[in-house]
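> The following block contains a protein sequence and its predicted model.
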Amino acid sequence: MFPEFASYQNTARFNSDGYRSNHFNGSGFPGLKKRGHAHGSRSWIKIDQSGNSKILELDKATVMRHCSLPSRDLRLLDPLFIYPSTLLGRENSIVVSLEQIRCIITADEVILMNSLEGCVVHYKSELCKRLQTNRDQSDDLPFEFRALELALELTCMSLDAQVRQSEVEIYPVLDELASSISTLNLERVRRFKGHLLALTQRVQKVYDEIEHLMNDDGDMAEMYLTEKKQRRDAYSISDLYCQTNISGGARVASKSAPVSPAGSSSGDQKLQRAFSSISSSKIGSFGGSSNRGENIEQLEMLLEAYFVVIGNTLNKLLSLKEYIDDTEDLINIKLGNVQNQLIKFELLLSAATFVATIFAVVAGIFGTNFHASIFDDPFTFNWVLIISGMFCGMLYVSFLIYFRHKKIFPL
């Protein structure tokens, strides 16, 4: 428990939701500093195992000292920086940075970054509700796994809701674009595609983080905080018991009657052997629990459930991306078809222009200023025009037959 919690608890009042009903003045709180006077002091929400929540003003040094975290891990929770989703298992805590949910989970409490984001408020209220509801019920999951499960659940639900919303918005736009290609529709699809790319990267990061955690048994074993705390408490009790027995035996030996040196040495040796056997058994049990690896099936099954959920969300995004790609391919095919039609029309027009040019050449030749007997008979000039026209028509038909033979376009 934070050393500042006691003084803070005696002065500040909290309502049923866990928020303070009065303003925090910062006076008389050792170790707690005002936001305006301390650099790095932030608002945190502390949720204990009973589901009680408190709002605290803590600086980074206090949080790092209480949770035994390096500054680089705490920097992942800084709202001023945008970091990808991360799950880190440490000696005494779990660092969770999933979308807007940024918190530190220990064996006894959750220290949540206070924010007005909907995900943060929902996580705080839902966790308190679940802890208070299951207070008298036996739960297989330890406290840290229940808090981690809720963070994964809300993150997966939030991402899946965003994907469903994107599907509702993108599919009609794509269908409209497939039927009517316009600059406005292309701009809308481009904007949706950029948003979809960013969303895919976020979902992919959560997917990769869960997969990486499932593939590393050591990282999963580090997250069994309750078990490690119970083991440390048992070791401390064992050490205290050994020290008490040794000191009690020494006092009894000093107050007893004098004994022979041989008996004294043999008693000391027995005491040393007993202490060494206790120490070796303790070290052996600790080493055995560390070497055999903790029973990580419980956490592995928990992660597998949300790994399937986030994988389904990622598949939706990939399907949506494929639908966009298919629509783009259809648009490219349509544009290519229109371009081919224009090329065909241009080819026909060029052939017709070439034929008309030949006819114009004939007309231009006879339009020059020279004397010829053909001009004396007007019917003779009509035959010239008829022959020229027939020649041009036959030439154009020849072009069409050539185009069909080359399979430039069907006729």
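In hand now; what should we look at?

> Please tell me how far the nearest residue to Ile170 once chain neighbours are set aside sits from Asn312.
Nearest-residue entry for Ile170: Phe192, 4.9 Å, with adjacent residues in sequence omitted and distances by Cβ to Cβ, 6 or more residues apart in numbering. Any C-beta I mention is one placed from the backbone N, CA and C, and that applies to glycine too. For Phe192, the distance to Asn312 equals 21 Å [Cβ to Cβ, to the nearest Å].

> re the thing from before, and the residue nearest to Ile170, how far is that from Glu167?
Phe192 is 10 Å from Glu167, by Cβ to Cβ.

> ok, which stretches of the protein are strands?
With DSSP state E as the criterion, the chain has strands at 42-48, 53-58, 86-89, 94-98, 101-105, 109-113.

> can those go into JSON lines with extra columns for mean neighbour count and distance to Gln201?
Output for the strands of the chain, formatted as JSON lines (neighbours: other Cβ atoms under 10 Å; distance: least, Cβ to Cβ, whole Å):
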{"stretch": "strand 42-48", "mean neighbour count": "19", "distance to Gln201": "27"}
{"stretch": "strand 53-58", "mean neighbour count": "21", "distance to Gln201": "32"}
{"stretch": "strand 86-89", "mean neighbour count": "19", "distance to Gln201": "14"}
{"stretch": "strand 94-98", "mean neighbour count": "23", "distance to Gln201": "14"}
{"stretch": "strand 101-105", "mean neighbour count": "25", "distance to Gln201": "18"}
{"stretch": "strand 109-113", "mean neighbour count": "24", "distance to Gln201": "22"}
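
> mind putting these in JSON lines, mean pLDDT and distance to Tyr171 included?
Formatted as JSON lines, those follow (pLDDT from 0 to 100; distance: least, Cβ to Cβ, whole Å):
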{"stretch": "strand 42-48", "mean pLDDT": "89", "distance to Tyr171": "39"}
{"stretch": "strand 53-58", "mean pLDDT": "89", "distance to Tyr171": "41"}
{"stretch": "strand 86-89", "mean pLDDT": "89", "distance to Tyr171": "33"}
{"stretch": "strand 94-98", "mean pLDDT": "91", "distance to Tyr171": "28"}
{"stretch": "strand 101-105", "mean pLDDT": "91", "distance to Tyr171": "29"}
{"stretch": "strand 109-113", "mean pLDDT": "90", "distance to Tyr171": "36"}
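
> do you know which of those lies nearest Leu317?
strand 94-98 (17.3 Å; Cβ to Cβ).

> For that closest one, which outside residues touch it?
With Cβ atoms under 8 Å, 6 or more residues apart in numbering as the contact definition, strand 94-98 has outside contacts at 69, 73-74, 76-77, 83, 85-88, 102-106, 144, 148, 151-152, 155, 206, 223, 225.

> 6 Å instead, please
If you take Cβ atoms under 6 Å, 6 or more residues apart in numbering as the criterion, strand 94-98 is touched by Asp73, Leu76, Ser85, Thr86, Leu88, Cys103, Ile104, Ile105, Glu144, Ala151, Thr155, Met223.

> Can you convert the strands of the chain into JSON lines and add a column each for distance to Met214?
Formatted as JSON lines, the strands of the chain follow (distance: least, Cβ to Cβ, whole Å):
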{"stretch": "strand 42-48", "distance to Met214": "26"}
{"stretch": "strand 53-58", "distance to Met214": "31"}
{"stretch": "strand 86-89", "distance to Met214": "11"}
{"stretch": "strand 94-98", "distance to Met214": "15"}
{"stretch": "strand 101-105", "distance to Met214": "18"}
{"stretch": "strand 109-113", "distance to Met214": "23"}
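
> mind checking which of those strands is nearest Glu322?
Smallest distance to Glu322 across the strands of the chain (Cβ to Cβ): 26.8 Å, for strand 94-98.

> Give me the sheet partners of the closest one and which way each runs.
strand 86-89 (antiparallel), strand 101-105 (antiparallel) (DSSP bridges).

> could the ones you listed be laid out in JSON lines, adding distance to Val163?
As requested, the strands paired with strand 94-98 are arranged in JSON lines below (distance: least, Cβ to Cβ, whole Å):
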{"stretch": "strand 86-89", "distance to Val163": "21"}
{"stretch": "strand 101-105", "distance to Val163": "18"}
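
> quick one, which of these is nearest to Asn382?
strand 86-89 (92.3 Å).

> I figured Met223 was touching Gly89, is that so?
Yes: assessed by Cβ atoms under 6 Å, Met223 is found in contact with Gly89 at 4.2 Å.

> How many residues are close by Val397?
11 (other Cβ atoms under 10 Å).

> Please, where are all the helices along the stretch 51-200 of the chain?
For the stretch 51-200 of the chain, the helices defined by DSSP state H, counting those that start in this stretch cover 60-67, 71-75, 118-133, 143-179, 183-215.
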